[in-house]
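> Fold the following, please.
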Amino acid sequence: MEFESYDDAYNYYNCYARESGFKVRVKNSWFKRNSKEKYGAVLCCSSQGFKRIKDMNHLRKETRTGCPAMVRMRLVDSRRWRILEVTVDHNHLLGAKAYKSIKNGSRGTKKTLQSDYDTDGRTVKLYRALVIDSGGNNGNVSSSRQELGSSSDHRPDQLNLKKGDTQAIYNYICRMQLTNPNFFYLMDLNDEGHLRNMIWLDARCRAAICYFSDVIYFDTTYLSNKYEIPLVMFVGVNHHCQSVLLGCGLLSGETRESYLWVLKAWLTSTSGRTPQTVITDRCKILQTVVSEVFPKSHHRFSLSHIMKKVPEKLGGLRNYDAIRKVLVKVAYETLKPFDFENSWAFMIQRFGISEHEWLRSLYEDRAWWAPVYLKDTSFVGMAAASQPSDTLNPIYDKYIHKQTPLKEFLDKYELALQRKHKEESAADAESRNSMPTLKTRCSFELQLSKVYTQEIFKKFQVEVEEMYSCFSTTQLHVDGPVIIFLVKERVLVDGNRREIKDYEVLYNRAATDVRCICSCFNFNGYLCRHALCVLNHNGVEEIPSKYILSRWKRDYKRLYIPDHDGSNIDGTDTVQWFNQLYRSALQVVEEGVISLDHYKVALQTFEECLNRAHNIEDKT
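So this is what the prediction gives:
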């Protein structure tokens, strides 16, 4: 956890102590040299340690028990106070018995305690909102639920929680923290301490971010379509072109404040790892927020999401079927901006729809969604781009309908993820244990059959097969080392009819660069049939390594090495140690699930490492 100030952290721990039934004292504080600025502290239970002999008052009984309960915190680079270490167990009684001496204390003591308790009511609400007392102690259950915002009158600045949602959130967080290592969550509270927004990532989500966060889709479908659950998701694509969850959130509304908070919170959970491309639904608010949070990322609107809205936006028009057909052709088949703009103008004029507001605004935003303008953007096959059928399979499509309550979703959340993990594991096993059947004698097909995962190879294999529909490769123009080729292809249109289409391909032999105007490589992550024809025409027998993305390789997780640079490790930051060790251990885990033999070796390795670590402790 992190806090804005030392006082916030102290007050939070103090509230926790009052709820649990013990008192807090400051054990240690550290200040910067020649300055009064505090940069570290340890707060402990008042029963910590034992009094020194010279301080003992023989008329009073010793009240300290050497209690280990404590928190250690430090001011970090972000100027926030981070909790680094926590011990929650006590070795003495808690509750009313522990406070017996307070009740019998002087009137002045009582007044001081009450004053301290009332000084920061906001911290009390913050504590109650996060912890959500479920035990019924001191009659606090109902008040905790009310603090979280589960009232029937929904306010725009707080989450609309129904009866039982508070307990469901509490149960879920407790379960995940007990069973799921590296579980991460953040809560956003309004000024009154009510829950406004929330985000969480389990260990697998955080691990997937290391591999597959180069392109993300920020999915707000459930929120914008007014589902019972105001759910948003961060989604990526794994090495089998399967959708993979990178985080979930609950938002109080489609506001700039909520979007800004959840994107920044997700960025915090990734330790600042920014994606190359961020895809969102078409939204002006998101347009500004994404540019603020991810200034170095490419932000694009999801074309598949736009096309799903066509029936709703254009369904009432006369000649709807014809309009839709032309719109799809303009969006997916034009190769140059000039062609797109001319085709759009012809569509508008032909059907007399120049006054249609949605189409007008769509055209104004064309640089954010039309593939013809996005050829320099990497999409790695995610709901981008090249074909009308391209869409990202929803993670929770079988688990959420419009009236699904939050508590039911949280129960099904892990079931859905387990299904996705099984699908990925099955695809891993298939790619690892079987070789695909070759369909041609092309050297490119043989080369990548040994490298790609099964699913990606099948997609690439289609491009190899379709090389035979390209019947002409001719040189058009030479500009220094760059040669422009024209590749003619018989393209299937309207059922069985084919028409001839021209594709320009730039080729630089010295730099082994090849780039087709269809931009298949940027959209899908592998070379197209036109680029392959040009390579073949120039006697190239192997695809250059720069066009074989590591993220599509069957052993990608084994090849990917997390950042193990120890030179930047803070010698006192145990949280940073944990994150580095966790990423390193993850590599052993990925290897360990390959087979029973791998599992035994990995388990033995962990045991040996643990024994060696214990030996260091014994020596010191």
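> Direction included, what does the helix or strand containing residue 514 pair against?
Using DSSP states H and E, residue 514 maps to strand 513-516. Looking at strand 513-516 with DSSP bridges, its partner strands are strand 497-508 (antiparallel).
> now the strands for the stretch 401-550 of the chain?
Assigned by DSSP state E, counting those that start in this stretch, the stretch 401-550 of the chain shows strands spanning 470-479, 482-493, 497-508, 513-516.
> Save those strands as TSV, and put in mean pLDDT too.
Below are these laid out as TSV (pLDDT from 0 to 100):
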stretch	mean pLDDT
strand 470-479	93
strand 482-493	92
strand 497-508	93
strand 513-516	96
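> right, and these - which one's nearest residue 85?
strand 513-516 (52.4 Å; C-beta to C-beta). Every residue, glycine included, has its C-beta placed from N, CA and C.
> That closest one: how far from the chain's middle?
With C-alpha atoms, centre = their mean, to the nearest Å as the basis, strand 513-516 stands 32 Å off its chain's centre.
> So which bits of it are buried?
Going by neighbour count (16 or more other C-beta atoms under 10 Å), the buried part of strand 513-516 is 514, 515, 516.
> residue ranges with poor pLDDT in the stretch 301-450 of the chain?
383-394 (pLDDT under 70).
> make it 80
Along the stretch 301-450 of the chain, segments meeting pLDDT under 80 span 381-399.
> What segments of it are helices?
Applying DSSP state H, counting those that start in this stretch to the stretch 301-450 of the chain gives helices spanning 303-308, 310-314, 320-333, 337-351, 357-364, 366-369, 406-433, 443-449.
> what's the last one packed up against?
Translated: helix 443-449. helix 454-465, helix 529-537 (3 or more C-beta pairs under 8 Å, 6 or more residues apart in numbering; DSSP states H and E).
> any idea of the mean pLDDT in the shortest one?
For helix 529-537, mean pLDDT rounds to 97.
> How is this protein divided into domains?
The chain breaks down by the TED database into domains covering 2-52+61-87, 165-296, 305-388, 443-556, 574-615.
> Could you identify which of the ones you listed is most buried?
The highest mean neighbour count among the domains of the chain, using mean count of other C-beta atoms under 10 Å, belongs to domain 165-296: a mean of 20.
> That one spans what distance, first to last residue?
From its first residue to its last, domain 165-296 covers 38 Å (C-alpha to C-alpha, to the nearest Å).
> Restricting to C-alpha, output the strand or helix carrying residue 602 in PDB.
Element membership for residue 602, per DSSP H and E: helix 596-619. Below are the C-alpha coordinates for helix 596-619, written out as PDB (Å, rounded to 0.1, in the frame of the first residue of the first chain):
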ATOM      1  CA  LEU A 596       6.300 -34.400 -15.200                       C
ATOM      2  CA  ASP A 597      10.100 -34.600 -15.500                       C
ATOM      3  CA  HIS A 598      10.300 -30.800 -15.900                       C
ATOM      4  CA  TYR A 599       8.100 -30.400 -12.900                       C
ATOM      5  CA  LYS A 600      10.300 -32.700 -10.700                       C
ATOM      6  CA  VAL A 601      13.500 -30.800 -11.700                       C
ATOM      7  CA  ALA A 602      11.900 -27.400 -11.100                       C
ATOM      8  CA  LEU A 603      10.600 -28.500  -7.700                       C
ATOM      9  CA  GLN A 604      14.000 -29.900  -6.700                       C
ATOM     10  CA  THR A 605      15.600 -26.600  -7.900                       C
ATOM     11  CA  PHE A 606      13.300 -24.500  -5.700                       C
ATOM     12  CA  GLU A 607      14.000 -26.800  -2.700                       C
ATOM     13  CA  GLU A 608      17.800 -26.500  -3.200                       C
ATOM     14  CA  CYS A 609      17.500 -22.700  -3.500                       C
ATOM     15  CA  LEU A 610      15.500 -22.500  -0.300                       C
ATOM     16  CA  ASN A 611      18.000 -24.700   1.600                       C
ATOM     17  CA  ARG A 612      20.900 -22.400   0.400                       C
ATOM     18  CA  ALA A 613      19.000 -19.300   1.500                       C
ATOM     19  CA  HIS A 614      18.400 -20.900   4.900                       C
ATOM     20  CA  ASN A 615      22.100 -21.700   5.200                       C
ATOM     21  CA  ILE A 616      23.000 -18.000   4.700                       C
ATOM     22  CA  GLU A 617      20.600 -17.200   7.500                       C
ATOM     23  CA  ASP A 618      22.200 -19.800   9.800                       C
ATOM     24  CA  LYS A 619      25.700 -18.500   9.100                       C
END
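> who are the neighbours in contact with the residue nearest the centre of the chain?
Most central in the chain under C-alpha atoms, centre = their mean is residue 246, positioned 3.1 Å from the mean C-alpha point. Counting by C-beta atoms under 8 Å, 6 or more residues apart in numbering, residue 246 touches 201, 205, 208, 209, 212, 213, 216, 233, 234, 235, 236, 266.
> hey, where'd the helices end up in the stretch 101-250 of the chain?
Taking DSSP H, counting those that start in this stretch as the criterion, the stretch 101-250 of the chain carries its helices at 107-118, 121-131, 141-148, 165-179, 203-212, 221-224.
> partner residues bridging residue 515?
Assessed by DSSP bridges, residue 515 has beta-bridge partners residue 506.
> doesn't residue 503 make contact with it?
No. Here residue 515 lies out of contact with residue 503, judged by C-beta atoms under 8 Å, at a distance of 11.0 Å.
> overlap in contacts of those two?
In contact with both residue 515 and residue 503: no residue, using C-beta under 8 Å, 6+ apart.
> what's next to the strand holding residue 514, contact-wise?
Here strand 513-516 has contacts from 487, 503-508, 521, 527-528, 530-531, 534-535, 544, 547, using C-beta under 8 Å, 6+ apart.
> Can you tell me which of these comes closest to residue 11?
Nearest to residue 11, judged by C-beta to C-beta, of these is residue 521 at 54.8 Å.
> Next up, the contacts around the closest one.
Residues in contact with residue 521 (C-beta under 8 Å, 6+ apart) are 515, 527, 528, 531, 547.
> Would you mind putting the residues you listed into JSON lines with distance to residue 473 alongside?
JSON lines is the format used below for the contacts of residue 521 (distance: C-beta to C-beta, whole Å):
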{"residue": "515", "distance to residue 473": "15"}
{"residue": "527", "distance to residue 473": "14"}
{"residue": "528", "distance to residue 473": "13"}
{"residue": "531", "distance to residue 473": "11"}
{"residue": "547", "distance to residue 473": "18"}
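> Just give me the closest of these to residue 350.
When those are compared for distance to residue 350 (C-beta to C-beta), residue 528 wins out at 30.9 Å.
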